[in-house]
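Q: my questions concern the predicted model and sequence given below.
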Amino acid sequence: MSDSAESVVRKFLGAWKRSDPDELVSFFSDDAVWTDSSRGVFRGIDAIRAELQSAVKMVPSVACDVKTLVANAGTVITERVDSFRVQGEPFDLEVAGVFEVDSNGGRINSWREYYDRKSIEDRLASLAPPS
């Protein structure tokens with residue numbers, strides 16, 4: 001028997017602390033789709049792997065603090081704060097995510113992320129040295 005959808009999502013979010021792209025991609029089905037509200041849509045395991053590799057290079061460790069989680073069958077909705085460091089400075093990002101987990105293999109089929117890109121850009125600009 002596979003893990004519940006909630007358990008799969010909690011384990012996936014917990015794996016971000018280690019930021020191992022192989023571990024992260026292991027949570028996805030081969031035909032999964034990841035929609036990042038700012039970065040685009042990544043279809044299939046190879047595209048997701050490439051984007052995860054890029055993401056962990058930028059941010060080598062992320063702590064995901066789940067504030068709200070709602071699960072109904074294979075759908076899991078999370079509201080969380082992702083914490084990481086940018087240029088040595090602490091950085092928190094509020095994120096809402098929707099996951100669809102397949103009931104047979106316990107893999108993520110769909111992951112949709114929503115956050116405020118403008119607030120990220122503003123924070124990054126404030127970290128840049130004055131010109």
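A: Yep, that arrived. Numbering: from 1, shown residues only.
Q: in space, what's closest to D82 - neighbours in sequence excluded?
A: Spatial nearest neighbour of D82, chain neighbours left out: L93 (4.7 Å); criterion: Cβ to Cβ, 6 or more residues apart in numbering. For every residue, glycine as well, the C-beta is placed using N, CA and C.
Q: didn't that neighbour look like it was pressed against V81?
A: Yes - look at L93 against V81 with Cβ atoms under 8 Å: they come within range, at 7.0 Å.
Q: those two - which one has more neighbours?
A: Taking L93 and V81 together and counting by other Cβ atoms under 10 Å, L93 has the greater number of neighbours (18 against 13).
Q: so which strand or helix has the more buried one?
A: When elements are assigned from DSSP states H and E, L93 belongs to strand 89-101.
Q: same check on R112?
A: Using DSSP H and E, R112 falls in strand 108-114.
Q: ok, what's across the strand from S110?
A: Here S110 shows beta-bridge partners V33, E100, assigned using DSSP bridges.
Q: against V101, how distant is it?
A: Distance check for S110 against V101: by Cβ to Cβ, to the nearest Å, it reads 9 Å.
Q: pick out whichever of these two has more residues nearby.
A: V101 (27 against 18).
Q: find the nearest non-adjacent residue to that one, please.
A: Setting aside the residues directly before and after it, V101 is nearest to A5 in space (Cβ to Cβ, 6+ apart), at 3.8 Å.
Q: quick check: closest non-adjacent residue to A73.
A: A5 (7.0 Å).
Q: and the helix or strand hosting R10, what does it pack onto?
A: According to DSSP H and E, R10 maps onto helix 5-15. Judged by 3 or more Cβ pairs under 8 Å, 6 or more residues apart in numbering; DSSP states H and E, helix 5-15 is in contact with helix 21-25, strand 63-72, strand 75-86, strand 89-101, strand 108-114.
Q: export these to CSV and tack on distance to Q53 and mean pLDDT?
A: Shown next, in CSV, are the helices and strands packed on helix 5-15 (distance: least, Cβ to Cβ, whole Å; pLDDT from 0 to 100):
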stretch, distance to Q53, mean pLDDT
helix 21-25, 5, 96
strand 63-72, 19, 97
strand 75-86, 16, 94
strand 89-101, 20, 94
strand 108-114, 16, 97
